[in-house]
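# Have a look; sequence and predicted model below, questions after that.
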Amino acid sequence: MIYWQLFFTFFKIGLFNFGGGYAMISFLQNEVVYKQAWLTTAQFTDIVAISQVTPGPVGINLATYTGYTTGGIWGAGISTLAVCLPSFILLILAGKFLFATREKYSLAWRILRLVVIGLIAAAALTLCNGENFVDFKSVLLCAGAFLAVWKFKRGPITVLLASAALGLLLY
């Protein structure tokens, strides 16, 4: 039954994902596009874009929209619950231990941060495909947005609005 598959898939994603929604993108794509074949690459890319502009955490939005596309309103609810449940359980079980021993495990936390950066970079590279970059102008727009945030320290809202305006002018 699709609802059990949705629950177990998103529970697994919620359980083994570290680093938030952007780190979840490559893991989620592997599960729902390649393993389960619930979505095409184009559908998944659209869901990622919608999840980023919709209010709320990106990872939960990804789960909700994927669940809705796959199993309707019940699929959306089950996927959302399943992706949130592991974090809730683990925080309750491990909360006291982590706060009591955080000084002893500072190296582990630093390594975990590097892993999260790698997962986010993998998600960015996964979304860099021929369906998203149709010509050289789109590549320049993406590179310009990256440089504006990284090098020139512009805020994401300013970069998003400027990119939208440039996209309208160019296309």
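Cool, the structure landed. As the structure is a computational prediction, the values presented were derived from the model and not from experiment.

# Which residues outside stretch 154-171 are in contact with it?
Residues from elsewhere that reach stretch 154-171 (C-beta atoms under 8 Å, 6 or more residues apart in numbering): 137, 141, 144, 145, 148, 149. Where C-beta positions appear, they are placed from N, C-alpha and C, glycine not excepted.

# Identify the residue spatially nearest to residue 90, adjacent ones excluded.
Distances taken as C-beta to C-beta, 6 or more residues apart in numbering place residue 15 nearest to residue 90, at 7.8 Å, with adjacent residues excluded.

# Tell me the pLDDT of that neighbour.
Note on residue 15: pLDDT of 88.

# how many other residues sit next to it?
14 (other C-beta atoms under 10 Å).

# If you count neighbours, what's buried in the helix or strand harbouring it?
If you go by DSSP states H and E, residue 15 is part of helix 2-16. Under the neighbour-count criterion of 16 or more other C-beta atoms under 10 Å, helix 2-16 has 3, 6, 7, 9, 10, 11, 13, 14 buried.

# average model confidence for the top helix by length along the chain?
Assignment by DSSP state H gives helix 58-100 as the longest helix of the chain. What helix 58-100 shows for mean pLDDT is 88.
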